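Q: take a look and give me a structure for this.
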Amino acid sequence: MSDVQHALTVAATPETVYELLADASAWPVNFHPTVHVEPLEQDESHERIQIWAVAGDQVKAWTSLRELDPEALRITFRQEVSQPPIAAMSGAWVLRGLSDGGTEVTLEHSYRAVDDAPDDLAWITEVTDRNSRTELANLKALAEQAADRSELRLTFEDRVVVDGAAGDVYDFLYQARRWPERLPHVARMDLREDEPGVQIMEMDTITADGAMHTTKSVRVCFADERIVYKQTVVPPLMTAHTGEWRVTTVRGGVAVTSRHTVAIRPEAVPGVLGEAATVADAREFARTALSGNSRITLEHAKAYAEDISAGSQV
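A: Model prediction:
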């Protein structure tokens, strides 16, 4: 096994830092490498979760067991099911309160490569180092701005009800490679799906004023139910953007919901929206832009499924 440690000091209390680490559901917004966390089992001190995360230019998924100890300010983890080239991975987050009120954070990893292959071990070491440094930097920034976190984040939804089949709606959302021919605001789509249900996409979108911008995202697809995603390259106004397309059967048809969670980058607001702009202006700007595109997609998904239900050719 290879053992490594990464550490830094955070100007926030151990309790504040621990809370950020304990809430795995918020990792996709809090930590850049994490795409999605799916809870599987949980009690007061243990949890079993499935994680999708960016590793180099790939997306890796694994199942992890975590033991949470708020008294000792320690969270241990072990990958129950790893993905090659990782044969085994475990570690811990260890917090120590400092006399000035801050926290020393240590992130420990122990890992082994499949067949102990040297090249694979070097790749694991490189990715672990890069992601650990990124996560610690994210953690420090979040903990030190804890008082402002609620103002900098917003979550919102748009929803339509479709008189059609859930599978047809899901198919429209899943077949994103066809969006340039199906959606007026999508000019280009490059999509690859190396692992079933995990899509890496780069998309050019036309904005309301005619400008074009490029986004890069990773999507995790749960057949006929939902697609969760995270932008891996975000606009300057944001530090994070995650979302979900959810398809559920309701009375009268199928409900299709688009959900966004956005974290605003406050220092970027004047440069993007003008010197007089505020965080509240940035929240409204992000909501208007993202909701507008979501509503277009929802309406086209509705028309697609309802045309199929009515017997039209699509």
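
Q: in the protein, what secondary structure element scores lowest on mean pLDDT?
A: The weakest-scoring helix or strand in the chain, judged by mean pLDDT, DSSP states H and E, is helix 149-152 (a mean of 87).

Q: let's see the helix or strand that it is followed by as CSV, backbone CA atoms only.
A: Of the helices and strands lying after helix 149-152 in sequence (DSSP states H and E), the nearest is strand 153-162. C-alpha atoms of strand 153-162 as CSV (Å, rounded to 0.1, in the frame of the first residue of the first chain):
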residue,chain,number,x,y,z
ARG,A,153,-26.1,29.8,-3.3
LEU,A,154,-29.5,29.3,-4.9
THR,A,155,-31.5,26.2,-5.9
PHE,A,156,-34.5,26.5,-8.2
GLU,A,157,-36.7,24.3,-10.4
ASP,A,158,-38.8,24.4,-13.5
ARG,A,159,-41.5,21.8,-14.3
VAL,A,160,-43.9,20.7,-17.0
VAL,A,161,-46.5,18.0,-17.1
VAL,A,162,-46.4,15.8,-20.2
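
Q: how about the longest helix along the chain: buried residues?
A: Longest helix of the chain, by residue count under DSSP state H: helix 279-309. Within helix 279-309, the residues that qualify as buried are 282-283, 285-286, 289-290, 293-294, 297-298, 300-306, 308, counting by 16 or more other Cβ atoms under 10 Å. All C-beta atoms are positioned from the backbone trio N, CA, C, and that covers glycine.

Q: repeat that for stretch 139-154.
A: Of the residues in stretch 139-154, those buried by neighbour count under the rule 16+ other Cβ under 10 Å are 139-140, 142-143, 152-154.

Q: how distant is it from the center of its chain?
A: A distance of 17 Å separates the centroid of the chain from that of stretch 139-154, by Cα atoms, centre = their mean, to the nearest Å.

Q: could you do stretch 83-98 as well?
A: Using Cα atoms, centre = their mean, the offset of stretch 83-98 from its chain centre is 20 Å.

Q: greatest separation within the buried residues of stretch 139-154: which pair is it?
A: 140 and 154 (22.8 Å; Cβ to Cβ).

Q: redo the buried residues of stretch 139-154 as CSV? Include distance to residue 7.
A: Converted to CSV, these look like this (distance: Cβ to Cβ, whole Å):
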residue, distance to residue 7
139, 11
140, 11
142, 17
143, 14
152, 26
153, 27
154, 33
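
Q: pull the distance from stretch 63-77 to the chain's centre.
A: Taking mean C-alpha positions (Cα atoms, centre = their mean), stretch 63-77 and its chain are 21 Å apart.

Q: my bad, stretch 299-311
A: 29 Å.

Q: ok, stretch 42-60 next?
A: Averaged C-alpha coordinates place stretch 42-60 at 11 Å from its chain's average position (Cα atoms, centre = their mean).

Q: quick check: mean pLDDT of stretch 254-274?
A: Averaged over stretch 254-274, pLDDT sits at 96.

Q: residues of it that come out buried?
A: 254-265, 269.

Q: including distance to residue 194, could those go into a markdown table?
A: Below are the buried residues of stretch 254-274 laid out as a markdown table (distance: Cβ to Cβ, whole Å):
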| residue | distance to residue 194 |
| --- | --- |
| 254 | 30 |
| 255 | 31 |
| 256 | 27 |
| 257 | 28 |
| 258 | 26 |
| 259 | 26 |
| 260 | 26 |
| 261 | 26 |
| 262 | 28 |
| 263 | 28 |
| 264 | 32 |
| 265 | 31 |
| 269 | 37 |
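
Q: now, which of those residues lie within helices?
A: residue 269.

Q: and the helices in this structure?
A: Using DSSP H, helices in the chain cover 14-22, 27-30, 118-144, 149-152, 166-174, 179-182, 269-273, 279-309.

Q: need the contact partners of stretch 120-130.
A: 2, 4, 6, 55-56, 84-86, 109, 111-114 (Cβ atoms under 8 Å, 6 or more residues apart in numbering).
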